[in-house]
Each structure stands twice: as structure tokens, then as C-alpha cells.
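Asker: got a predicted structure here, sequence first:
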Amino acid sequence: MTDAKAVSEKATPKQMADAIRVLAMDGVEKAKSGHPGMPMGMADVATVLFSKFLKFDASRPDWADRDRFILSAGHGSMLLYALLHLTGYKAATKEELSNFRQWGSKTAGHPEYGHMPGVEVTTGPLGQGLATSVGFALAERHLAAKYGDDLVDHRTWVVAGDGCLMEGVSQEAIALAGRLKLNKLHVLWDDNDITIDGKVALSDATDQKARFKAAGWAVKAVDGHDMKAIKSALAWAIKQDKPTLIACKTKIGKGAATMEGSHKTHGAALGAAEIAATRVGLSWDHEPFEMPGNVLSAWNKVGRRGAKARKAWEARLKDSPQAADFTRAMKGELPDNAFDKLDAKIAELVETQPAQATRQSSGAALDELFAAVPELVGGSADLTGSNNTFVKDTPILDAPTYEGRYINYGIREFGMAAAMNGLALHGGVIPYGGTFMVFSDYSRPAIRLGALMGVRAIHVLTHDSIGLGEDGPTHQPVEHLAALRAIPNLLVFRPADTIEAMEAWKIALQTKDAPSALCLSRQKTAAVRTVASSENLAARGAYELRAANGEARVTLFATGTEVPLALEAADRLQANNIPTRVVSVPCFELFFQQPKAYQDAVIGRGTVRIAVEAAIQQGWERFIGEDGGFVGMTGFGASAPAEVLYEKFGITAEAVVAAAKSRL
């Protein structure tokens with residue numbers, strides 16, 4: 001085809017879909033790495049969705065009322081990159097596609113939020129894109145109730161594969177979405193009967209359509225290569241009053257000369273010979289990454305299709321009395337007076353010095369914050385009373401009105417954490433969610449993904465040690481602090497008392513580019529912050545709580561409920577003429593962001609250093625060095641009252657004193 005003819009002839013929908021196919025196979029071939037099969041198989045579905053239904057404007061990827069497109073089957077990332085390139089996203093250049101999976105490219109192996117405009121969420125760990133989409137859809141419904149349909153009226157579209165539906169989190173997600181009747185959530189299932197190992201039947205016999213129906217979804221099956229049928233199915237989906245699943249029966253590697261339908265196309269380049277033959281079969285006589293003019297023109301028109309709707313929306317926003325508040329909320333900025341009431345409460349509590357569980361302290365912080373920060377939307381994985389996450393008289397966020405601010409997530413820790421990521425990514429909402437700290441094991445993959453993306457999601461993790469007592473070792477976290485601290489870009493707080501707990505809440509809300517984990521006690525703990533400070537001391541990560549009486553010979557480090565224990569040990573050492581200082585360490589991550597001179601001063605090099613924490617030692621070496629002492633856990637807990645457990649496991653002031661003396 002000549003260039004003139006390529007420009008003058010109108011591209012057919014098949015040619016538009018084939019453009020996705022060749023870009024996918026060319027990108028993977030050049031990288032010698034990737035997954036061409038899914039993009040080739042879902043090219044027809046994606047073409048219909050983007051050209052006929054998806055509300056977006058390629059020139060404004062951040063348009064607040066755009067539809068969200070989530071590629072849950074993130075291994076097929078070339079599908080998304082091809083669509084962004086073809087529709088005219090400026091960042092998705094031909095050079096970026098040809099640099100697929102290479103150092104410094106925006107086209108990462110799996111889509112990564114923040115790397116490429118148009119990538120709404122980091123996906124790859126299967127099932128999490130689907131689970132995160134529930135948060136996106138819930139945020140849309142909540143904000144529509146708050147600001148009205150004139151400002152918020154969009155949909156969330158998800159492409160998911162068999163692997164996404166096999167992962168257990170998918171059940172948590174679809175059950176929650178069905179219960180909440182999220183009718184603007186649409187899942188397009190790439191029903192190709194293939195996994196890496198071969199046919200789906202090797203490992204699964206689930207009737208997925210029946211499963212979704214049972215969870216309260218509307219379900220339809222369609223030939224994923226019949227564009228008229230696909231269009232009809234999508235038109236049906238947007239009319240439903242519940243979330244929808246469209247099972248798109250496809251062939252993996254559709255269009256490949258000899259490998260169409262083969263699991264071999266899933267995760268490897270097709271090879272030069274297969275690609276050459278595929279080009280012949282598709283009548284595609286163009287060099288890699290080169291698009292015929294008519295095809296590129298047709299796709300660019302798709303990318304501009306939403307400009308009119310976007311401009312009309314901008315006019316409505318400009319005229320809206322809610323414009324300033326909406327814009328502030330979507331930017332993630334806190335109200336000017338966000339902390340006025342909390343700061344006043346902190347000043348009061350420094351004087352009254354209450355002894356209480358830090359989970360209660362967290363609840364007290366929420367009482368002061370909730371009205372002042374209207375973007376806060378909370379919930380719990382069926383542990384509301386234990387987590388202290390509910391603010392009195394808060395309406396429940398539920399169908400049909402969605403204006404409430406508290407979510408009953410049910411016993412779905414992973415699904416909750418993933419939905420929180422979606423709520424945060426959507427914008428306009430600051431999510432928090434509670435569970436027992438030991439169940440952060442269930443939430444961990446979503447907490448990790450939130451840290452990777454840098455989203456503000458606040459995980460309220462109560463019952464933070466053996467101090468929870470009689471529920472026993474199944475519920476007593478011992479390795480969990482170390483496991484959470486091992487996640488990069490996650491702020492892990494273990495506050496010592498009410499003041500530190502409230503300071504931690506302030507930091508979590510002020511930190512827009514990282515999630516936070518608030519690790520909170522079941523048992524009461526004495527107040528340790530008894531002197532007013534104009535500074536948020538927890539923001540330093542660690543600070544000298546009590547100076548030594550004389551030149552310090554011992555430094556005691558502690559977190560949470562063990563800080564009062566360290567103070568008691570310091571009293572005993574001082575009584576024995578051993579000058580001892582105490583350092584509270586509410587957040588490792590923030591401490592190691594401080595200047596080195598500050599770190600050295602707090603650590604107290606040259607003193608005997610002892611750390612005490614009702615958890616395993618891992619991670620404390622950075623404070624106490626190789627020769628320092630540690631008083632804590634070396635195994636699992638047991639069933640008994642908290643005070644008995646601390647004595648039996650040797651987490652006592654006496655043990656701290658002995659550890660210090662043995663090293664002097």
C-alpha cells in the first residue's frame with residue numbers, strides 16, 4: 001500500500017485491531033521478552049471499547065471524569081502501550097514502544113503507575129488489578145453522591161484473564177462489588193482457556209460465569225473476535241444496575257500464522273519467522289513499529305473523541321460552587337484547618353496523660369480528624385469494634401446512595417487493602433482500613449503494591465503483639481513488624497502512647513506518596529509524652545525521650561507498649577549510678593531519612609545499646625549494632641493474659657537492666 005493510499009483509504013476496524021497485534025508482537029520480539037498472546041487475542045475487544053465506549057481524552061490523561069481502564073492481566077502490557085501510542089498519548093512514543101522492558105523506558109514489563117500517563121494502576125500480580133478496580137468504582141459512586149453527576153459520572157473497565165479469576169483475591173473483590181451493586185464496574189474476561197502450562201482445564205474447572213452471577217453480577221458471553229457482538233455486549237453492560245462480567249471467548253495469539261491458540265504465545269516472543277508469516281497473513285506490509293497513515297489517523301481520531309465531553313465537563317466544573325473543594329480533593333490536598341482540632345486535643349492530652357491502648361488513641365485521633373478531613377473514608381475487615389475505626393454517627397457507604405463514609409468490607413483483608421489502593425488512586429478519597437496486625441499477612445501483597453505505586457492508604461493494624469493475650473499465638477504477631485518494615489516506601493508506625501498515635505495519624509495524612517501502617521496495641525499503656533512540644537516528634541522517626549542523668553553509658557531503644565518498660569529499666573539503671581538515656585522509635589523509615597548527624601546523636605554510639613520490642617529482633621541491628629542487646633521474642637507466643645506473657649517470655653524491665661549490665 002502506498003503512503004498516499006494509506007492516508008486516503010479509511011481504516012477498517014480489523015486493521016485498527018491488527019495494529020495492536022503487530023505492535024505487541026514487534027515490541028516483545030525486539031525485547032526478546034514479554035507476552036504477545038493476550039494483546040493479540042484481546043485486540044478486537046480493546047478496539048471496540050476504546051473507539052466506541054471508553055470516555056477519555058488522550059491530550060488530558062489526568063481528566064478527573066475520564067473512564068478508568070485497568071489491565072488486570074498486566075503481563076499483556078503491550079496491549080495498553082499499543083493503545084496509548086495509537087490514540088495519541090504524547091508519552092507513548094514509537095521509541096518508547098521499541099524500548100519495551102528496557103532500562104529507563106516508560107514501557108515497563110508490567111504497567112507501572114506513574115511511569116506512563118494512561119496507566120491507572122500498577123498491575124502484574126494477577127487478580128490485584130481486578131481487586132483494585134473495586135476501589136476505583138466505589139470512589140466514583142461515593143464522589144458522585146457527594147458532588148453530583150455533573151462532576152462525577154464515569155466507568156471503570158477491567159481486562160482480566162483466567163489467572164486473575166483463579167487468584168483468591170478475585171473472589172473477595174467480586175463478592176464485595178456485587179454486594180455494593182457497583183453498576184459502573186465492567187470486567188472484560190479474556191476467556192481464552194489458556195495458562196502458561198497449557199489448557200485451563202489442567203488446573204481449573206470453575207464455571208466462572210455462574211460464580212459471578214452468584215456474587216450479584218450481570219453476566220454475558222460473547223465471541224471476542226466478533227466486533228458487532230462485542231459492541232452489543234458493551235452497550236448492554238452500561239445499562240445494567242449491577243456490576244457486569246462479559247466473557248469474551250478469544251484465541252490467544254489471534255492472527256499468528258501457525259501459533260494462534262497456542263499457550264506458547266503467552267510468555268515468549270513469536271520469533272522472526274512466525275512474525276514474518278503473520279505479517280503476510282494480516283496483509284501488513286510495514287516495518288516494525290511503523291503504522292500506515294490511515295490506521296494511525298483512525299486511532300488518533302479515537303484519542304480525540306472525548307475532547308468535546310472533557311471541555312463541557314470543564315465548563316461545568318468552572319461554574320460549580322463546589323469547584324474549589326472538588327479540585328482540592330482530587331489533588332489530594334488537605335483542608336487548611338485539617339489538624340486544628342487534633343492539635344488542640346494533643347495539647348489537652350499532654351496535660352491529662354491518659355493511660356490507654358493505642359488502638360483507642362487512634363480512634364480518638366479519628367474523632368478529631370473525621371469532620372475536618374471530609375475525604376477520609378474508612379472501614380474494617382469485620383473488626384470495627386476492635387480496630388476503633390468507626391466514628392460515631394458516620395453513615396455507611398452502601399448502595400443505593402453511596403454518600404456514607406464507612407465501608408463494611410467483610411472478612412476480606414486482601415480485598416480491602418486492594419480496594420483501598422483503588423480508592424486512593426482514583427483521587428478525591430483518602431482511605432483507611434482496619435484489621436488485626438497478624439492478618440497483615442493477608443493484606444501484604446496489596447500493601448506492597450501500594451508502596452510500589454506510592455499511594456496514600458492508611459492501614460490500621462491493631463492487636464500488635466503478644467500483648468493481645470488470650471487469643472494466643474495464631475493471633476499474636478511476632479515477625480510482622482519486621483516483615484512490614486522490609487517493604488520499601490511503607491511507613492510503619494508503632495506509637496508509644498496517645499500523643500505518638502495522634503502524631504502518626506498526622507504524618508500518614510500529610511504523606512501523599514507512601515502508604516502507612518499504624519501498629520496499635522490492644523492493652524493499655526502509660527503516657528510517656530508528658531511535656532508539650534511544638535514539633536511532631538514522631539516525624540523524626542526516633543528521638544530522645546529521656547536524657548541520661550550524667551554522661552550516658554546506656555541507650556535504651558523501644559517502641560509501642562515497651563517504651564514505658566524501657567523508662568522503668570532506665571530508672572533502675574540510674575538508681576545504680578548507670579546514666580541511661582531512652583529513645584522512642586515510632587518509625588524506622590522516617591528515622592533513616594534524617595541527616596546522618598541526627599541519626600548518630602540519637603543512636604548514641606559509644607554507649608551500651610539495648611532495644612526492647614515484643615517482636616523478633618530482625619531490623620534492630622541498625623540501632624544496636626552487632627554487640628547490642630535485644631529483649632523481645634524469638635518464637636511464637638502463647639495463650640495467656642498479657643502481663644503473664646510478658647513475664648514468661650522475659651520482656652521485662654529486669655531483663656533490660658540485666659542485658660545492659662552484662663555489656664558494661
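Answerer: Right, received. Where do you want to start? Numbers count the residues shown, from 1 in each chain.
Asker: please, where are all the strands along the stretch 201-350 of the chain?
Answerer: In the stretch 201-350 of the chain, the strands defined using DSSP state E, counting those that start in this stretch lie at 218-223, 244-249.
Asker: kindly report the same for the stretch 451-600 of the chain.
Answerer: With DSSP E, counting those that start in this stretch applied, the stretch 451-600 of the chain shows strands at 458-462, 491-493, 516-520, 524-525, 543-546, 554-558, 580-584, listed in chain order.
Asker: next up, the contacts around the nearest residue to Leu270 once chain neighbours are set aside.
Answerer: Residue nearest to Leu270 in three dimensions, not counting chain neighbours: Met25, with 5.3 Å by Cβ to Cβ, 6 or more residues apart in numbering. (C-beta placed from N, C-alpha, C; glycine too.) Remark: with contacts taken as Cβ atoms under 8 Å, 6 or more residues apart in numbering, Met25 is in contact with 36, 40, 256, 269-270, 275, 278.
Asker: and for Gly415?
Answerer: For Gly415, the contacting residues are 131, 134, 169, 172-173, 175-176, 409, by Cβ under 8 Å, 6+ apart.
Asker: just to revisit the earlier point, would CSV of the strands of the stretch 451-600 of the chain with distance to Ile603 be doable?
Answerer: Shown next, in CSV, are the strands of the stretch 451-600 of the chain (distance: least, Cβ to Cβ, whole Å):
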stretch, distance to Ile603
strand 458-462, 27
strand 491-493, 19
strand 516-520, 22
strand 524-525, 24
strand 543-546, 10
strand 554-558, 7
strand 580-584, 8
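Asker: mean neighbour count, mean pLDDT and distance to Lys318 added to the ones you listed, as TSV?
Answerer: TSV is the format used below for the strands of the stretch 451-600 of the chain (neighbours: other Cβ atoms under 10 Å; pLDDT from 0 to 100; distance: least, Cβ to Cβ, whole Å):
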stretch	mean neighbour count	mean pLDDT	distance to Lys318
strand 458-462	27	99	32
strand 491-493	27	99	37
strand 516-520	28	99	35
strand 524-525	19	98	51
strand 543-546	19	98	47
strand 554-558	28	98	54
strand 580-584	25	98	49
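Asker: re earlier: wait, is the residue nearest to Leu270 part of a helix?
Answerer: Yes. Counting by DSSP: H, G, I helix; E, B strand; the rest coil, Met25 is found in a helix.
Asker: and the pLDDT for it?
Answerer: Here, the pLDDT recorded for Met25 equals 98.
Asker: ok, now the one 3 residues further on?
Answerer: What the model reports for Val28 is a pLDDT of 98.
Asker: take the helix or strand harbouring it, keep the C-alpha atoms, and write them as PDB.
Answerer: For Val28, the host element (DSSP states H and E) is helix 13-31. Coordinates of the C-alpha atoms in helix 13-31 are reproduced here as PDB (Å, rounded to 0.1, in the frame of the first residue of the first chain):
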ATOM      1  CA  PRO A  13     -11.900  -1.900  12.500                       C
ATOM      2  CA  LYS A  14      -9.900  -5.100  11.700                       C
ATOM      3  CA  GLN A  15      -6.900  -3.000  10.600                       C
ATOM      4  CA  MET A  16      -7.200  -1.000  13.700                       C
ATOM      5  CA  ALA A  17      -7.100  -4.200  15.800                       C
ATOM      6  CA  ASP A  18      -4.300  -5.600  13.700                       C
ATOM      7  CA  ALA A  19      -2.300  -2.500  14.600                       C
ATOM      8  CA  ILE A  20      -2.400  -3.600  18.200                       C
ATOM      9  CA  ARG A  21      -1.400  -7.100  17.200                       C
ATOM     10  CA  VAL A  22       1.700  -6.100  15.300                       C
ATOM     11  CA  LEU A  23       2.800  -3.600  17.900                       C
ATOM     12  CA  ALA A  24       2.500  -6.300  20.600                       C
ATOM     13  CA  MET A  25       4.400  -8.900  18.700                       C
ATOM     14  CA  ASP A  26       7.100  -6.400  17.500                       C
ATOM     15  CA  GLY A  27       7.600  -5.000  21.000                       C
ATOM     16  CA  VAL A  28       8.100  -8.400  22.500                       C
ATOM     17  CA  GLU A  29      10.300  -9.600  19.700                       C
ATOM     18  CA  LYS A  30      12.600  -6.600  20.000                       C
ATOM     19  CA  ALA A  31      12.900  -7.100  23.800                       C
END
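Asker: in CSV, could you pull the C-alpha coordinates for the following helix or strand past that helix?
Answerer: Using DSSP H and E, the helix or strand that follows helix 13-31 in sequence is helix 37-41. These are the backbone C-alpha positions of helix 37-41, laid out as CSV (Å, rounded to 0.1, in the frame of the first residue of the first chain):
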residue,chain,number,x,y,z
GLY,A,37,-0.6,-13.7,23.1
MET,A,38,-3.0,-11.8,25.3
PRO,A,39,-2.7,-8.4,23.5
MET,A,40,-3.2,-10.2,20.1
GLY,A,41,-6.2,-12.1,21.5
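Asker: sort out which residues of helix 37-41 are buried, please.
Answerer: 37-41 (16 or more other Cβ atoms under 10 Å).
Asker: Met416 and Lys392, how far apart?
Answerer: Counting by Cβ to Cβ, to the nearest Å, the gap from Met416 to Lys392 is 22 Å.
Asker: can you check Thr206 too?
Answerer: Distance of Thr206 to Lys392, computed by Cβ to Cβ: 43 Å.
Asker: related to what we said a few turns ago, pull out the buried residues from the helix holding Val28.
Answerer: Buried residues in helix 13-31, defined by neighbour count with 16+ other Cβ under 10 Å: 13-31.
Asker: tell me how many other residues surround the closest residue to Val22 other than its chain neighbours.
Answerer: Spatially, and ignoring its direct neighbours in sequence, Val22 is nearest to Trp284 (5.5 Å; Cβ to Cβ, 6+ apart). For Trp284, the count of nearby residues is 19 (other Cβ atoms under 10 Å).
Asker: contacts only, for Trp284.
Answerer: Shown in contact with Trp284 (Cβ under 8 Å, 6+ apart): 18, 22, 278.
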